[in-house]
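Asks: Build me a model from this:
(chains A, B and C, ligands or ions: 2)
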Amino acid sequence: MSLLSIDGLTAGYGQMTILRDVDMALDEGEIGVIVGPNGAGKSTMLKAIFGMLTVTGGSITFDGTDITGIRSEKLAGHRIAYVPQENNVFASLTVEENLEMGAYTRRDDVSHVLDHVYEIFPDMKDKRRQPAGELSGGQRQMVAFGRALMIEPKLILLDEPTAGLSPMFMSVIFDRVIAINRTGVTVAMVEQNAKQALAIAHKGFVLAGGQNSYTDTGQNLLDNPEVARSFLGG
Amino acid sequence: MAETTATPARPLVPVRDLAAFAVLALIVLAVFLSQGSVYSLRVMVEAACYAVLTLGLTIQWGYAGLFNVGVMGFLATGAATSMLVSYPTNPDFWNSPGPALVAMFVVKLAICGAAIWLANRAERIGFHRRLKGLLVTAVLIASFVVISWHMTHMADVIESQAGWVGGLGLPVILGWLVAGLVAGLVAWFVGRVCLGLRSDYLAIATLGIAQIIKTFLKNADWLTRGTLTVSPLPWPVPTPANGDFAFARGMYLIVVVIVMALVYLALQRAYYAPWGRMMRAIRDREDAAAAMGKDVTARRREIFVLGCVVMGIGGAMLIHFAQIYDPSGFIDLNHTFLIWVMMILGGAGNNRGAIFGAIFVYIAWTISEPIALWLFHTGAAYAHAWTGWNPPSDLDSRALQMRVFVVGLTITLVLRYAPRGILPEPEARH
Amino acid sequence: MNALVFFFDNAILSGLIIGAIYALGAIGVTLIFGILRFAHFAHGDMMTMGAFLSLIFAVLLQSMGIHSPIALAFFGMFPAMAATALIAILFDKLFYKPLRDAGARPVVMVMASVGVTLMLQGVLRVFGGVSARSMYIGSPKAIFQFHLPDATRPIVLTEPQIILFVFTAVTVFALHYFLTRTRLGKAMRAVSDNPDLASITGIDIRHVVWATWIIGGALACAAGTLLSMDVALKPDLSFNILLPIFAATIVGGIGQPYGAIAGGFLVGLCESFAVFNWSILLRPLEPMFGVDFPSSLAIVPTEYKLMIPFVILIIVLIYRPTGIFKGKVL
Ligand SMILES: Nc1ncnc2c1ncn2[C@@H]1O[C@H](COP(=O)(O)OP(=O)(O)OP(=O)(O)O)[C@@H](O)[C@H]1O
Ligand SMILES: [Mg+2]
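Replies: Ligands and ions are numbered 1, 2, ... in the order given. Predicted coordinates:
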């Protein structure tokens, strides 16, 4: 059975419906990548999963429980974490405080998780007393990433983690995504850099105009000439 | 989005308005029958003045979402200006060195203003940024020293030789118009500083400016006789000097109602004009309006100044009617918050609602005084009879404070349970 | 030397005293501004309410037969701080939370706080009357004089002023500890910094809101009590104290507690320097300059004291709207 399964999801902002009848399923331990043109509703999709929008139709099931309509504050309890596309760090808090905030919902001792995150992102350890607002874009992305890992999520939702990063940094981030995934975390990721992202994906979803037009393994989508022509730029 | 801010279809028969005003008419009738026409006319004149003030506020808050907590300041500015324009001249002043000093003062003010303006643009004439900061500071300090020194000296001379500057002896109606202009000028300065920033700052700044204007008026003995008060203020119609109060007040009422009607008609037109539509678009969807290339800040400044012009006129009419100009009489409660209650209860953004709210609330306000006193005295009497408790000697002044509580309570209740008021804005908010 | 002592007493010391009061008030205002995102106009009357509560508790203590060398009002202040904090939370529940939940614009919240301040004013004056009272019941106010070797004039400090300085210092350290070392304190900074991300992260906004009102309410109570102990309990404080507190908040940068403290002292010192009669300090120098200074040489007359915070506010808004400590909100 899938860890995350979305059936016939219809959602939007207020009166405006953006997503229509979208399906998606991810098994435990998979990396799922959502690609599609700008404004296709990719971010909206993640926000809908994370309880930030009113869902008007369909259902979202996670780990056997129906989480449709559960508000985002509560989802940390279900061990789902979300890294938004923008403004994803507390700029005036230090790196370490950002990470601690990630564990806000946990009352147990999190020092081992903190160590684990510093292992994955060693740069962060050196900068841990620095305000996150003073870091570079790529470093901030790592802080945001680390913050989400603090609840030891089963599922992590990433919205364009490589946006605006140099190609070198981009591969660093993809590396980390793979590393995290290896520890058993299921990843659902929105990406503009479709080719690289699909290359590491177990499953790919092409979203266009608020509907999913293709769903397949990452490799198959990359090989699909039609997808390549319309969405991957040749 | 286009259709949400389109001109709404005006209902053929505004049932709600008719009903509200019919009830209001009954209340007014009851006041006339029970209190006699002399007293009732006084209440009606004051209510109509408040209606003008409320119209000024409703365009600021209702049309543009600007929170002005300093209505009293603009009202007082209008009152003082109009007093100065229309009060008879003081020959002692004109025979003293006073006029020359005042003229010099104006010249110095203009020079300092120009200097500050230039200093703020110093980088355009080739100054470095840091240097500009220094220059601005220096110019500000120099201007302050020049102006305040001159003002102290001028005040001393005028107070010792002539008492105060006196009026200009011009027609009252002219005084009211100038009152609007000066209040608008003050508003322009406040708006320039605060309107580009977040909305709370305007509230803080207007609160401050109102307190400062009041302090200034209370202490500027040379200009407005300070707390010594000025009376009798002239009327645009014959004053009740010969004892016929009903007739004189009736005439004054007619003048005030004409002003109110003119303001109402002008605002009504503006509301449905493209200008009003744009204002509402800015209020409801500021970011969208800004994205469409509207200069949000400039539009806001326009409406803020316009609202304050109306308040200045309303304040002048109100104080002239009382015939005594007394700066200690400007009170936040009566001259800011009461007007707020009138506006939000009547329906923010609805000009008829403003008039309805003003008259309704003002009548309630005037009868609340005897009611509060009666309640407290009765309560104290019972308490004394039953428990032997002796009421404090300042029971009366405390009883009146109850009205402060009620004004506050009304504001919070209306915001929570009837945010659109009794006569909602013709077009729904989004 | 006497002139210097006079300057110290009347300009520096009095500036620091009122500055400490402003700082205590501004901490609450800046936290409320940063977290609930509106200018809390009821803060001045909350201070007055706190002072009244302290007085009531002090009278209670006295009626229980308790005596102490330190003013009873000071001991009454601690239960009063708790009570004010609770009342602040209650006000939030009754008046602000419903509006917040309905998605009201910040400026509507400002208006609601104006409504709350009027209600408070009304209730306080109905029950407390309109005249000033002394917070010193029973014991007189202790006055300490420090003599400097070269001066006949002593440096004068009163008991409430010493209490005020100690209390402010303790508060600053406690606040710093709370905001940087505790979970809830960090969460408050996080919410103030980025509320959307805070709720995504699962931070319970309710707790943060409560903490904000508790700190704001308790410190308002302390500020009101200590000010009333220093001068007298006046029920008509509200708007006059509000303006300098807002000025301190904006100078320090919205949502910046340390900025608010610095801003409070800055505004307090500017006020007392502005109304100080500088000729007293300059007169001994007359022979040096060979000129006569006028007998009164204040920058602004005392009546216009309120101008100072206003002018500071305007200057900051024009030239540096984020405050000197770079507040977060525009
Ligand atoms: N807060 C919002 N309110 C209303 N509409 C929104 C909001 N956010 C996004 N939209 C609309 O929803 C649609 C989908 O936006 P979304 O952010 O999901 O796109 P996206 O696929 O993530 O694009 P991008 O690649 O640029 O990030 C767009 O048409 C956008 O205008
Ligand atoms: Mg997106």
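Asks: from the middle of its chain, how far away would the least confident helix or strand in chain B by mean pLDDT be?
Replies: For chain B, counting by mean pLDDT, DSSP states H and E, helix B:286-291 ranks last in confidence among helices and strands (a mean of 72). Centroid displacement of helix B:286-291 relative to its chain, using CA atoms, centre = their mean, to the nearest Å, is 30 Å.
Asks: Quick check: buried residues in that helix?
Replies: Applying a neighbour-count criterion of 16 or more other CB atoms under 10 Å in any protein chain shown, one finds B:286, B:289 buried in helix B:286-291. From N, CA and C alone the C-beta is placed, and that goes for glycine too.
Asks: Does that helix pack against any helices or strands, and if so which?
Replies: Packing partners of helix B:286-291 (3 or more CB pairs under 8 Å, 6 or more residues apart in numbering or on different chains; DSSP states H and E): helix B:274-284, helix B:296-322.
Asks: Surely residue B:40 and residue B:31 touch.
Replies: Yes: the pair residue B:40 and residue B:31 qualifies as a contact (CB atoms under 8 Å) at a distance of 4.9 Å.
Asks: Can you give me the buried ones in the lengthiest helix in chain A?
Replies: Identified as the longest helix of chain A according to DSSP state H is helix A:167-182. The neighbour-count check on helix A:167-182 (16+ other CB under 10 Å) flags A:169-170, A:172-174, A:176-177, A:180-181 as buried.
Asks: what's next to that helix, contact-wise?
Replies: A:29-31, A:120-121, A:138, A:141-142, A:145, A:149, A:156, A:158, A:161-162, A:165, A:187, A:189, A:193, A:196-197, A:200 (CB atoms under 8 Å, 6 or more residues apart in numbering or on different chains).
Asks: For ChimeraX, write the select line for the buried members of these.
Replies: Buried residues within the contacts of helix A:167-182, by 16+ other CB under 10 Å, are selected in ChimeraX with:
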select /A:30,31,120,121,138,141,142,145,149,156,158,161,162,165,187,189,193,196,197,200
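Asks: Run the contact check for the lowest-mean-pLDDT helix or strand in chain A versus ligand 1.
Replies: Scoring the helices and strands of chain A by mean pLDDT, DSSP H and E places helix A:225-231 at the bottom, with a mean of 78. No: Helix A:225-231 lies apart from ligand 1 when judged by CB under 6 Å from any ligand atom; the minimum separation is 11.8 Å.
Asks: For chain C, what's its nearest residue on chain A.
Replies: Closest approach between chain A and chain C, counting by CB to the nearest CB: residue A:76, at 3.5 Å.
Asks: Skipping its backbone neighbours, what lies nearest that residue in space?
Replies: residue C:202 (3.5 Å; CB to CB, 6 or more residues apart in numbering or on different chains).
Asks: Now do the same for that neighbour: its pLDDT.
Replies: The score at residue C:202 is 90. That number is its pLDDT.
Asks: and it, what does it touch?
Replies: Counted by CB under 8 Å, 6+ apart, residue C:202 has contacts A:72-77, A:104-105, A:151.
Asks: Out of these, which is nearest to residue B:204?
Replies: Residue B:204 lies nearest to residue A:73 out of these, by CB to CB, at 32.3 Å.
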